[in-house]
Each structure stands twice: as structure tokens, then as C-alpha cells.
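Visitor: Build me a model:
(5 chains, ligands or ions: 5)
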Amino acid sequence: MLVDQYNPFEGKMLQILDPDGNVIEEKLLPEIPEDELVRLFKIMLFTRVVDRKALMYQRQGRMLTYAPNEGQEACQIGSAYALEQRDWMAPAFRELGAWLTRGVDLKTLYLYWYGNEMGSKVSEDIRILPVSIPISSQLLHAVGLGYAAKVRGLDEVSIAYFGDGGTSEGDFHEAMNLAGVYKTPTIFLCQNNQWSISVPKHFQTASETFAQKAYAYGFKGIKVDGNDIFAMYAATKEAVDRARAGEGPTLIEAYTYRLGAHTTSDDPTRYRDDAEVEAWREKDPVKRFRIYLEKRGLWNQEMEKAFVAEKEEEVEKVFSDIEQNGGTVFDDIFMYQYAEMTPILREQYAEWKAFFQERGML
Amino acid sequence: MLVDQYNPFEGKMLQILDPDGNVIEEKLLPEIPEDELVRLFKIMLFTRVVDRKALMYQRQGRMLTYAPNEGQEACQIGSAYALEQRDWMAPAFRELGAWLTRGVDLKTLYLYWYGNEMGSKVSEDIRILPVSIPISSQLLHAVGLGYAAKVRGLDEVSIAYFGDGGTSEGDFHEAMNLAGVYKTPTIFLCQNNQWSISVPKHFQTASETFAQKAYAYGFKGIKVDGNDIFAMYAATKEAVDRARAGEGPTLIEAYTYRLGAHTTSDDPTRYRDDAEVEAWREKDPVKRFRIYLEKRGLWNQEMEKAFVAEKEEEVEKVFSDIEQNGGTVFDDIFMYQYAEMTPILREQYAEWKAFFQERGML
Amino acid sequence: MPVFNNIQALNYALMQEMEKDPSIVVFGEDVGYEGGVFRATVDLQAKFGVERCFDTPISESGIVGMAVGMAINGLKPVVELQFCGFTYPAFNQIISHVSRMRNRSRGRYTLPMVIRFPFGGGIRALEHHSESPEALFAHIPGLKVVAPSTPYDTKGLLLAALRDPDPVIFMEPKRIYRAFKQEVPEDDYVIEIGKANIVKEGEDLTIVTWGAMVRDTLKAVEKANEKGIHPEVIDLRTIAPMDRETIIKSVKKTGRILIVQEAVKSFSVASEIIALVNEKAFLHLEAPPARVTAPDIIVPLPRGEQFYMPHPDMIYEKINEVVNFLT
Amino acid sequence: MPVFNNIQALNYALMQEMEKDPSIVVFGEDVGYEGGVFRATVDLQAKFGVERCFDTPISESGIVGMAVGMAINGLKPVVELQFCGFTYPAFNQIISHVSRMRNRSRGRYTLPMVIRFPFGGGIRALEHHSESPEALFAHIPGLKVVAPSTPYDTKGLLLAALRDPDPVIFMEPKRIYRAFKQEVPEDDYVIEIGKANIVKEGEDLTIVTWGAMVRDTLKAVEKANEKGIHPEVIDLRTIAPMDRETIIKSVKKTGRILIVQEAVKSFSVASEIIALVNEKAFLHLEAPPARVTAPDIIVPLPRGEQFYMPHPDMIYEKINEVVNFLT
Amino acid sequence: PSSAEGRKNSFTEKEIPQKVLATPVARKMAYDLGLDIRTIKGTGPGGRIMKEDIRRAGESNEKKPAAVAVQ
Ligand SMILES: Cc1ncc(C[n+]2csc(CCOP(=O)(O)OP(=O)(O)O)c2C)c(N)n1
Ligand SMILES: Cc1ncc(C[n+]2csc(CCOP(=O)(O)OP(=O)(O)O)c2C)c(N)n1
Ligand SMILES: [Mg+2]
Ligand SMILES: [Mg+2]
Ligand SMILES: [Mg+2]
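Guide: Ligands and ions are numbered 1, 2, ... in the order given. Reported below is the predicted structural model:
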């Protein structure tokens, strides 16, 4: 098993595809059909298009805060690809690649960053919890989802996404511990992107790896090259399979990098060197997957140009639709506090509605 | 170093004195002068006297809730003995042995369980924080005490006492992590007494040992026979020395047993077998230390009888004094909310005082 | 009809409902094998198995956070936090998620769940075991806060909470867990959340109270009755959403109001009730709305607790003061 | 005299006091190298070194709990919690220890420390970034809760907080961090904690407000002035302990009171102020005490925030309503 | 009531009117009777205007209906 072969205490990290697009562990290469490989790469490219457009809109003052994804595509897409439709995902806030892989529609995603709760209402057939802003709080939800699946006899696993900084919160610990005690079918996907806003990972913990933290909870952890989609898929698939087989939780440390700013409110040049960023650009997950596919003759420049152009247009359409109709409906801010409005809410609803109506603000 | 020799991942536990009072690791036996050995044993006996008397007073309805100490004397006395007067201790609530070793006077201790805050006011020369009821919250205070000592250039270490159940709380994690990051001179003393009220330790965590949890934070942990005063002293002394030398924190798992009830509100026969308790009685920390001293000719039955009788009398005096004068002074409940009473408190103080005065209740 | 004290009524209601609703799971510290430090969940594990009633590590944030995920995935979690003072480690999960999931997801994810804990003082317990934090929960949009005062209400309100589509904070006045017994119907019945109970009708003064203070209030009222004063006593039952109608109607009748609570005075539930009657019945007020509460101090350890807990005489005196206020 | 906005005044006060008092240490998430996400602590690490101004892991309970130990061992910790919504993970340490250490130890251990965080909405931020949790803190005995509204006050109140022998919760209205500048004396001065500020005298009505709402209130008041209505405006400055004297005196003069707050309406600071005037100035009340607040809902994401934040017209209308009541 | 309208206009002058002590019920009663509470002498504790004071003032007003407008 990978989790045993790649013991984090021995300084090992799983890598299958190297930064230059070479397969360095042929026997570990997952068997993925060619059309699926292309589909995955398209999701990756699409993720980047959606990401850059969001940034642009934000700079133009048309989008609110946004948390860039660039650099973390492989760890998100590779891991999400290992899940089935029935599996549950508890995200933090920077999971664009995973969201798109699992089929969340772009409009919903953009609506969230546009500042409308409707962006947290994914369709009924998609099992993803809303963005969780309080760091690592969602890990516990993943454990609960897994516990419920287990006692209800459902063949569902849960996965939680979080960052290196997320491992410092008490909730990370409580979630890991509970998952260990109840052996829930849960995958903890720590995206170690080296930074928590301005704080580098060695100020988050004195632990050498994040993966080894699993051993404090009676289960295993593995450190994976997070910019290698194959390694990410392989490690997650193994964890998912083990979870399904009743073998409990796994912690995956995806060793990756946030190439962009923390959010659009952040200026990373204040706290990190360009050189570091450039070095990580060399390890770009998109680049290495592209080279691999090109070498296999599955992809080329023209295909990329056409695909990107098509997607850019699509994105623009979606966003302009949002700009037309993406405002929050007044009623919605009262409607969903409870299944039924309480008497005081009904009263306030009427009062506030009248106020804004009088002013033509609705 | 002991922490390296006794790697918890290898299933090792430090033991020097076996349950029958034999020294099994001669070269690890700490050098403690004979009079000190006797003094330590006397503290141990005294702890047991104070403990049993407290239980008796409670059963008689004269004391409030009390958390019995029996079985955990060695791990508390051995560890506390490794501290200097200037070192800081952040206790949970079951640390009678440690409190007595560090010189807290009996009256103060009993006052606490009698239900008076004056029992949390240790004298200025004793550096022990008050009882901390919220599980593991005090670990962070120990880290802060250590941090302050470090940046102020003071040669002080801090130690936190807590239970096996205490490792499940988020605050345990945050404290361990912060201590690792700032390399504070802090000893985390986990008394694994096998139970958290009615919950056995394997429901607290799936981790094989508590000691190994340290490795999630970049420092070391060691599992120690908590009923062996020499092992406890040796392990703690090493941790204290390393902390003083700037080598940061250590986690010590004291493998021990709570022979009594969780507190006087608890009935342990509801959830655990007598056989288990009896098996642990064989490992009694007092018994094995006594045999050792007797073999060395430092102690005998007569000495014990005389000592216990003397101490029982002392305890009774203290407690009857408390019963006479141990009530809470009305003013005190208002006086210490702030350095100076706020205007509303002054008003309420006068109002409430008048009320109780009128009724002769003060 | 069985005769139960509060804790028995609670256990009985859980037992009955777990039988009916297989999605209910009950958990918390010492809740499983031991049946809870107050025995609220006794026999549930034996009856429904370890998956539906189980012990947890000491991990309040974990307990509540895990319940969030369980509720989303088809279970109905009933969690016990061992004491009022140990709700604080779970505040982030409660405020940031429990109260908000429905709204955040615009109805896509909802959280039918109950968070139970004993509250209030008077049992001579250690620090953090005697808190009355209802104001903290009541201030949070998205939560419902319930506090029964009798075995009958305990069963009815707990069943209502268990069937509520939204999270309910269920605060149990621990001082009266075993204080008295009452007939509790075996039949299914619910007490609507958000409805107060007029325990005693009267015309001279409205008294609003809840939890363990209901009994103390009734004692003071009895004394007042002897002097010919007839207060109307409202047991709030639900703190949020509050039954404003019942309070207002009563105050419009009596012109006077006194709130009796065990919590500290300032920024409290009592404050909100005063604000409410000002807003809705100002011109009916014949005397300043008054409160009998604890002073604004930290709950003392047991030897000082008697100075903290609202004394029955304080209630009695305040009744007189309010009723005798001249207008 | 230097001219500063709120955040600059804050930074300036920290800078000055750290120079004077070597026991002050400043820390929190992104507080050190980066100088804070709002730049409140910028240059402090460069100036005072990494031991006195440093970054922490994402660990709010840890930050506050560690500060408790530091304060006991001779330091004066000033911790930043990055946003109002991230105070919740630290609630247990704040309620169970920060507020209680002095009382628990009967004065043996005291906690001179400051917990700072930005609060309130209006900056179009993500969820949990726009909360107004002052009522939660104010209800807790042992805490002091401060909320400055101007650069001058920010410096004066922060210095007072830093010199206070007890823990102070220092809430910074983030919407106006950079909204305007003001002359801030270089000299040492403190604004006493517990004293409100009469921002504008008047006789028709008392308005009590704090934080970012002070400016909105003043705008509405200006409009009222044009109609010949002259409210007295009190900037509370300290929420707990509240300056009851100033409020009562004003209400006795005006007979009418309106509270303007950004927090939700129920069980709030406004409720307590209403209870207070009922208790202390009941017979002077010529109109029902009123509140302008947010409705009792979860703060919406930015596209719905305009419906949540109290609208200046609401203040203006309520002023008219209260002033014209029964006259 | 129309009498209330009239009263409102009677205090356009800048001078701050004398504050009176009265419960809300009493104020309401005066208002309903068309009386300006400030013109009524209080006989209650501390000069508090009692309902009884208002009732009396109302009765004497009925006798002299011209005196509705204040001063
Ligand atoms: C409880 C809590 N504290 C603080 C924050 C503010 N905050 C938002 S993102 C962030 C850094 C997160 O770092 P990491 O977990 O590594 O995730 P990344 O942003 O790198 O994806 C912080 C401190 C928060 N959202 N929640
Ligand atoms: C935050 C918190 N949750 C729950 C409790 C209730 N409680 C008191 S002691 C205890 C068990 C503690 O077990 P452990 O840490 O092993 O210590 P031991 O009692 O065995 O010494 C519990 C759950 C508490 N005091 N604090
Ligand atoms: Mg926590
Ligand atoms: Mg990160
Ligand atoms: Mg234990």
C-alpha cells in the first residue's frame, strides 16, 4: 500500500509524474482511459480560465473577494476524481478545481464570490457542503457525514479539504481524533500550499511533515506531490478504497503551492520572494500534465487554443448573466433562518420590506 | 537520552522500579539522597492520608465534591519533585500529590474542595495556577508561562498536568502545537489513568499511546510507568533539563490508574470491573516505593504507623478549622471581579449586602 | 400514568422517540455505557445499540461539529454537553455552523438536531457547572432555545425539539432534575416551541420566568397571594423565539412586569423582555419593569453560591415593590 | 499634530506604548511580519523584534490561552483575532479563564491583557467577517468591552486598555478603519474606560450609539436638526461597564431615547440600555425607548448586506417617531 | 385627538419645557383627555403626577371647556 510505502517519518513523498512531465514511477501510474485523461486536463484548463477570469472581474470591481486557485489544480482535481457521485465533500474556500471536477456549475460558483448565498446552494445531486470560512471547522462535518454513512450502511465516503494552516486549529485535532476513534470513512486532504496568508508553514507547526500528524490518531498519513495529478489520484483512490472497505480514515498531505495571492485582498509580494514563486512555477501542475499528454499525442497547442477560447466565452456569458440577475433577493435573507419564519421574524420582515419598498430599493 | 531510548512507536515504556519494589534498571536509578527518599515517601503517605480523609469528610456531607488521587501518587510526586521552586505548574483538578510536593498548604487545598475560592489563592512563593476545570484549557496557560519565561530570559520551565481524556480537546492540540513552534520550556504531563469518568482510553483515541502524539508537533514523547516514582522523576528531570537548555517541550505519558472514583459524584462500579481495579492495586505506587525503602532499611512499619497517626491528627485539625472559618466572605464575591469595582457592581454590592444583612445572613 | 421527575421524563421521551424514529442518535461524554452523569440517557445504549447511543472523547467542538455532518447525512443527532460551562468550547460550531447551515445553503442543507445540557446553579458543584448562558444562545439568529421546568413540559418540549426541522438548544435546569415528580402521559404529545405557559393567572402583576426559577417564583407568589396580591406567572418555556404575544397580553392586563432569572442581570434575557414590553405595551405600564436576577458576578463556588442565586425573598420583595408602585 | 485614520491611530498608540512598556507583546495571525491583514501592527516587528511582535499559527483558542499564561508571568499580551467571527473558537478561553482568573484566584493572578478584533459589516467581506458580537462579551462578568469610533478615541482608549489591570475586549469598527482622519495628539493621554462621550448636545431625544454607527447617526441627526429637532448623541465608547450616569442624565433631560446599533435587535446591548432607563428614569419617559438595529437575521453575504445594515433613513425616521410620540 | 394636535403647536418656542414625572399609563390618560400633562400638579411621591391628579384635572377641564389650549 502507498500509505505504507511512503512513510512520512522516513521523509518520503509520492510522486509519479515529475515536473517535466516524465513518469518516474511507471508501475504506480493509474490506469485512466485516454478520453478521461483529456477530460481531466480540460477540467484543469477550465479551472485556470475560471480562476483568472474571476481575478480579472475582481480587479475590475465587478466581483467581490476571491480566493485564487492557481497552482493547486492537480491536488484538487486528482483527489476529487477519485470520488464517486455519492461521496461527500466538505470544502474550505479555495477548492475551485475540486468543485469543477465534481460538476458544480459555474454560475453557482461565481455567485458565491459575487456575494450571494445562492452560490452555496449546489444542486441536489451534488454532495458538497457550502464554503466553510472558519478554518478547519468543516473537518468535523466530514467526520459526521462519514459516521452517518457508516451507521446507515451506505457506501459513501467523505473528504475534507483544508490548508496547511488548517492543521493548527483545535477542530483539525478533534476531527482527526474522532475519525480515528469511530473509524469513519473519511479522507483528510491537507493542501500544504506552504503559506497561510503571510505565515509560512514552519510557523504553523514544528512537525516535519503534515502527513505524520495522522499517527497521533491511530491511522496513516501520506505526503504526496500535490502538483502531480497522478500521484494525487492514486493516493486518494487508495484512501477512498480503504475507507469503503471499512479501514477508516487517511490523511493526505498534498505538497503544493499557492502561486497567486491569498485572496484578492492580499499582496503576497509583501511577504514572499519572487524567486520562490518562480521556482514553484516550474513545478506547475498544468504544465507537467500538458507535456505528458502532448507526449502521448493526446493534446496539442491548437486544441488548447480552441478550448480556452471557447471556455473564455462561456465564462463571460455566465458572469454577465450574474451581473444582470445575481443580486440577493430581499426575501431570501429572511426566508431561510428557520424552516418557518418565527413571529418576530415575520414582523421584522414586513417592517424592513416596507422600508425598502417605499424607497424603491427592492 | 530517555526520550530516544524509549520511543513510544516501538512500544517501549520506561520503568525503573517494578511493582514488587525491585530496581530493574539500575543504571537509570536517579541519585536521590536517603533523607530525600524518605521525605518523598512521607509526601506520598501524606497524600494518601489527605485523600482518604477528604473522601470521608465528603461522605459525611462535610466536604463538597472531591476528586480522589489514589493510585496516581507516584506520577505526581515524582514529576513535581523534578521542578524547582521557580518553575510553573498548571494543574487540572486531581493533582493532590503534586500540590503537596510543591508545598501547597493543606488548608488551601481543602478550602478549594470545601467550595471556597480562597482555596485557589496559593501563597505568592508558590507558582501553581488555580484548578482548571475545563479540560485541557490549562495547557495553553503553561505554554504562555513558558513563552514569557523564555522572552524575559528567566530560567523557568512550566509543566501542565492533565489526563488521558484531556488529549481529545482542541486545546491540547493547540497547546502542543504552539509549544512546538515557539520551543517553549514546557512539560506536558499526561496522566493516562485509563479512564475519563466512565470512558475507557480506547474510546478517547485510536492512537496506540498518548506519548506518540508529541511527534505530530515536532518534539518528543515518552511513555513512563506512572506508578514508579523513580521513572517519573527521571523522565521529568530529563524533560526539565532539556527545557532549561532551550531544547523545548516534551510530552510525558504517565501510565497509571485511578484506583478510586472519578469524583465523589461518581460510582465506578457501574462501568468497570473489580478485577481490573484489583490488578492495578498490585501495581500500587505506594506499595512498591515502600518495599524499596524497607529493603534499603530506610522505612518500617512502626515509622509508618506513627507518621500516619500524626498526619491524621494534623489533617483533622486543619479540617475542623475550615469547618469553623471556611465559609465564603460575602464581600469576596464582589471584590475580585475587577481590580476596582465598576459602578454597577458597587451598586449591586450595596443592594445585595443590605439584603443579606437585613436577614442576618452575613 | 407514569410519574416521573425531570430526568426520568427526559429519558422516557428519548426512549419513546428513538423507538419511533430510527434516525435519532444520542451521544456525548459518558452518555453511552454510563447513561450520562445525570442518567438522562440511561438504558438507551442497551436498548438501541452502541451506534445509536455512544460515548465520545472529551471534545465538545467535535461533538457538535460531527453532529452537523450527521444531520446533513440523514441522522437526527441529540448531543449532550455535560455541563453548561462546557458549551463554550463548542461555540464556534454552534454559532458559525449549527445556526447558519440552512440560511447559508438557502435551504439545501438543514440541521434537525438537539443540543442538550444541564444549566443553572444550586447543586453545590464545581466551577463552570452552574452557569446560565441562555442570553448567549438567544442572541444568535438561527437558534431556538428551550428551557422546560416540569416533567410534563420536559417530555413535550423534547419531543417538539426532536421533531423540529431546525436545531434546538435544550437547556435543562439541573437543580430540579430530581426535585419533584409529576404525571407524564405515555401518549405522544408535544408542547409547541415558542409558546409560553401561563402557570398562574392573576391581574396585579405579570411575572415572567423559566427553568428552575419557576418554582421559586411560585413560592414567592404564594406568599404574595396571602397578602391579597395576585400576580400572573408566565413560564417562558421557550426563550427564543419568545412568546411575545402572551407576555404583551398579560402586561396589558396587569400594567406591571417582573422578570425572574437566575442569570446575571446585565445584557440578559430579562433585558430583552423589558425592551419588548417597552416596544409593545409602553402606554400600559404602571410601574417600572423590574428584574430579580443574580448580580453581575461570576458564579461563586458553592460556599458563596447562596449570595448569587436569587433568593425567594428577593422575588417576594420585588413583587411588593412593583405592585405598590403608585401611578 | 499628526493626522491619522483609525488604523493609523491604533498603530501609533501601540508603537508609543511598546516603547514605554517593555512587557507588551503583540501577536496573532499575520500580525508579525505582515503587520496584520488591516495593517494595525505594521512595523512593530521591525521595531521591537520578533519576540515582542509575532505571527501565530491559526489557533484562536491557543492565542488567547497562551496570552493568559503570559500575562500571569509578567508580560502584557495584546492579541489580535483576525475577524469578529473568529473570536468564537476562543470563547472558552475568554469566558472560562480571561474573565475569571482574578476572581478565581482571589487576586493572586491577574490578567492585564487586550484582545483586539475588527467588528461590524459594510466592507463587502466574506461570511463571518461582519459580525457585531458585543452583547456576547458584555454579558460576561469580568470583562470590559470597548469600541472606539474615532482616531482620537482609538488612541486614548487603547492606551487606557493597555494600562488597565484587567482584560479588555477591544472592538474596532472595521468599516471606518480608513473612513476619515483626525488630529491625534502625540502626547500621552487616556480616555477613561467606562465613560461615554456626549458627541452632540440636544434636548429633544437621547441617542445612544457606538462604533461605526456613530457617524451614520450623526448624519441622520444633521437632517433632523434641519427640521428643528435636536437630539443629544452619546457615543458609548465603552459597552461594559456602561456609563449609566451619562445615559440616565441625558434621558432625564430629554425624556426620550433611541439606541442605534449594527448588531441584531434581540437580546442585545440595546435591550440592556432600555432596561437601564426603565430602571433609573422610568418616570421621565415620554415615549417608548426605541431601537434601530439590524433585523434578527444572520449577516447576509455582501449582495444582501444593504438590507441588514441599519439604513441612515431608518435612524432619521425613528428619531421623528420618538420625538413626535404623544405630543 | 384634535386636542393633541393643538397642544403640539403650543410649544414652538425654544424654551425647554419643564419635565414632569409620570408613568406611561398616566401620560396616556392625560393625552386621551386632551390635557397637557405639564400643566398638571402631581401629588404623588416626589411630585409624580398620579392618574388621580389627571382625572381631577380632566373633570375641572370639562367644567371649563375653553381651557383646553394651554396657557
Ligand atoms: C477560525 C479562523 N481563523 C482565521 C481565519 C482567517 N483566515 C482565512 S484564510 C487563512 C489562512 C488559511 O491558511 P491555510 O489553511 O494554509 O489555507 P490556504 O489559504 O493556504 O488555502 C486565515 C488565517 C479564518 N478564516 N478562520
Ligand atoms: C471542557 C470540559 N468538558 C467536560 C468536562 C467534564 N469532565 C470533568 S473530568 C472529565 C474526565 C476527565 O478525564 P481525564 O482527562 O482522563 O482526567 P481524569 O479525570 O482521569 O483525571 C470530564 C469529561 C470538563 N471538566 N471540561
Ligand atoms: Mg476549540
Ligand atoms: Mg496554506
Ligand atoms: Mg483519565
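Visitor: show me what contacts the residue nearest to E:Pro45 when sequence neighbours are not counted?
Guide: For E:Pro45, ignoring the flanking residues on the chain, the nearest one in space by Cβ to Cβ, 6 or more residues apart in numbering or on different chains is C:Leu326 at 6.2 Å. C-beta: built from backbone N, CA, C; applies to glycine. By Cβ atoms under 8 Å, 6 or more residues apart in numbering or on different chains, the residues touching C:Leu326 are E:Gly44, E:Pro45, E:Arg48, E:Met50.
Visitor: now, which of these lie within strands?
Guide: In strands, judged by DSSP state E, none of the contacts of C:Leu326 are found.
Visitor: Turn the buried ones among those residues into a named PyMOL selection, would you?
Guide: Per 16 or more other Cβ atoms under 10 Å in any protein chain shown, the buried members of the contacts of C:Leu326 correspond to this PyMOL selection:
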select buried, chain E and resi 44+48+50
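Visitor: Tell me the one among the contacts of C:Leu326 nearest to ligand 4.
Guide: E:Arg48 (66.5 Å; Cβ to the ion).
Visitor: In the chain, what residue spans correspond to helices?
Guide: Picking chain A for this. Using DSSP state H, the helices of chain A run over A:2-5, A:34-59, A:73-80, A:96-101, A:106-114, A:137-151, A:170-182, A:229-244, A:274-281, A:285-295, A:301-325, A:332-335, A:343-358.
Visitor: wrong chain, I was asking about chain E
Guide: According to DSSP H, the helices that chain E contains are E:2-9, E:24-32, E:51-63.
Visitor: Output the contacting helices and strands for the second one.
Guide: Other helices and strands packing on helix E:24-32, by 3 or more Cβ pairs under 8 Å, 6 or more residues apart in numbering or on different chains; DSSP states H and E, are helix E:51-63.
Visitor: Tell me the buried residues in stretch A:305-312?
Guide: So for stretch A:305-312, counting by 16+ other Cβ under 10 Å, buried means A:Phe307, A:Lys311.
Visitor: and the contacts of C:Leu326 as JSON lines, adding pLDDT?
Guide: Compiled in JSON lines, the contacts of C:Leu326 are given as follows (pLDDT from 0 to 100):
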{"residue": "E:Gly44", "pLDDT": "96"}
{"residue": "E:Pro45", "pLDDT": "95"}
{"residue": "E:Arg48", "pLDDT": "97"}
{"residue": "E:Met50", "pLDDT": "97"}
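Visitor: ok, which pair from the contacts of C:Leu326 is furthest apart?
Guide: In the contacts of C:Leu326, the most distant members under the criterion Cβ to Cβ are E:Pro45 and E:Met50, with 9.2 Å between them.
Visitor: okay, now whatever residue of chain E ends up closest to ligand 3: neighbour count?
Guide: Nearest to ligand 3 in chain E, going by Cβ to the ion, is E:Pro24, at a distance of 47.0 Å. By the other Cβ atoms under 10 Å in any protein chain shown criterion, the neighbourhood of E:Pro24 contains 25 residues.
Visitor: just A:Arg62 next, same as before
Guide: 14.
Visitor: What's the separation between it and chain D?
Guide: Using Cβ to the nearest Cβ, to the nearest Å, A:Arg62 is found at 12 Å from chain D.
Visitor: Excluding sequence neighbours, find me the nearest residue to that residue.
Guide: Closest to A:Arg62 by Cβ to Cβ, 6+ apart is A:Glu323, at 6.5 Å.
Visitor: Count residues in the vicinity of the closest residue to C:Met18 other than its chain neighbours, would you?
Guide: Leaving aside its sequence neighbours, C:Met18 sits nearest to C:Ile24 (Cβ to Cβ, 6+ apart; 4.8 Å). If you count neighbours by other Cβ under 10 Å, C:Ile24 ends up with 22.
Visitor: How about the one 5 residues further on?
Guide: C:Glu29 has 28 neighbouring residues, counting by other Cβ under 10 Å.
Visitor: Give me the neighbour count for the closest residue to it other than its chain neighbours.
Guide: Leaving aside its chain neighbours, C:Glu29 sits nearest to C:Gln82 (5.0 Å; criterion: Cβ to Cβ, 6+ apart). Neighbourhood size, C:Gln82 [other Cβ under 10 Å]: 22.
Visitor: So C:Gln82 sits against C:Arg116, correct?
Guide: No: under the criterion of Cβ atoms under 8 Å, C:Gln82 makes no contact with C:Arg116, lying 10.1 Å away.
Visitor: Okay, and C:Tyr152 sits in which element?
Guide: helix C:151-163 (DSSP states H and E).
Visitor: does any part of that helix sit near chain A?
Guide: No: Helix C:151-163 is not in contact with chain A by Cβ under 8 Å from any Cβ of the partner chain; minimum separation 11.2 Å.
Visitor: Identify all contacting residues around that helix.
Guide: C:4-6, C:8-10, C:12-14, C:16-17, C:21, C:24, C:76, C:78, C:114, C:144, C:146, C:148, C:168, C:170, C:172, C:181-185, C:188-193, C:197, C:235, C:237-238.
Visitor: Report the central residue of chain A.
Guide: Closest to where the C-alpha atoms of chain A average out (Cα atoms, centre = their mean) is A:Glu95, at 2.4 Å.
Visitor: got the contact list for that residue?
Guide: The neighbourhood of A:Glu95, defined by Cβ under 8 Å, 6+ apart, consists of A:Asn69, A:Gln76, A:Met89, A:Tyr161.
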